[in-house]
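> Predicted model, plus sequence, below.
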Amino acid sequence: MTETPKLDGRRRQAARNDDRILEAARAVFLADPDAPIAEVARRAGVGISALYRRHPSKEALLRELTRDGLERFADALDAGLADERDPWTAYGATLEAVVEGGSQALAQRLAGRFAPDAGLTEAAARADDLYRALDHRAREAGVLREDVSAADVILLLEMVMLVDLPDPTRIGELRRRYLALVLESLRAPGAGPLPGAPADGAELASRWQR
């Protein structure tokens, strides 16, 4: 009986360590995907051995970080699909939540640096299905311009999330500003025809090939 609280305490500490490691890894690898894993441990305030117990290699950490980001992305989309406001308001609010989360910017930075596993593929498929459902709802309501593809929107979100400055407050302000510009360009009917062919899912997937 006396050992149970100690075990629970160790599990809680391990969970806190893992959260710190992932948070540190997001910051480190978004700034420099080639950074050494020791920099993640230093920023997280954990020993390198503690990090390796959770993530046996840099590739494993990158894979877990990307999976976590995809799950956050999917959760934002899931919440957006449950939004009962008018389709355009719900669509815009969902994209704003995605930008606030910042997961797509990291995914773009890490694409092609490791081999996806089954868990990552499953997370990506869930996110893709949810975004397509959100996209379909907006199109069915006639509020999203017809000549923009789902892949176009993903790439636009990535561009917005790459905005970076020393001042975190300004980062948030500018990302919201540029997302508002993106949303204006996405809303049907659009100001005029777009040049070139839209991006497609195969082009996005090709970035993950090593």
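In hand now; what should we look at?

> C-terminal to the helix or strand of the chain with the lowest mean pLDDT, what's the next element?
The helix or strand of the chain with the poorest confidence is helix 103-110; it has a mean of 76 (mean pLDDT, DSSP states H and E). Using DSSP states H and E, the helix or strand that follows helix 103-110 in sequence is helix 118-140.

> Please name every helix or strand in contact with that following helix.
Where contact means 3 or more C-beta pairs under 8 Å, 6 or more residues apart in numbering; DSSP states H and E, helix 118-140 is packed against helix 58-81, helix 87-101, helix 150-161. (Each C-beta comes from the backbone N, C-alpha and C, glycine too.)

> please redo it, this time with the cut-off set to 10 Å
Applying 3 or more C-beta pairs under 10 Å, 6 or more residues apart in numbering; DSSP states H and E, we find helix 118-140 packed against helix 58-81, helix 87-101, helix 103-110, helix 150-161, helix 201-206.

> ok, back up a step: angle of the least confident helix or strand of the chain against helix 118-140?
Following axes from the mean of the first three to the mean of the last three C-alpha atoms, to 10 degrees, one obtains 130 degrees for the angle between helix 103-110 and helix 118-140.

> Identify the residues contacting helix 103-110?
Defining contact as C-beta atoms under 10 Å, 6 or more residues apart in numbering, one finds that helix 103-110 is touched by 25-27, 29-33, 62-63, 65-66, 68-76, 98-99, 124, 127, 154-164, 175, 204, 207-208.
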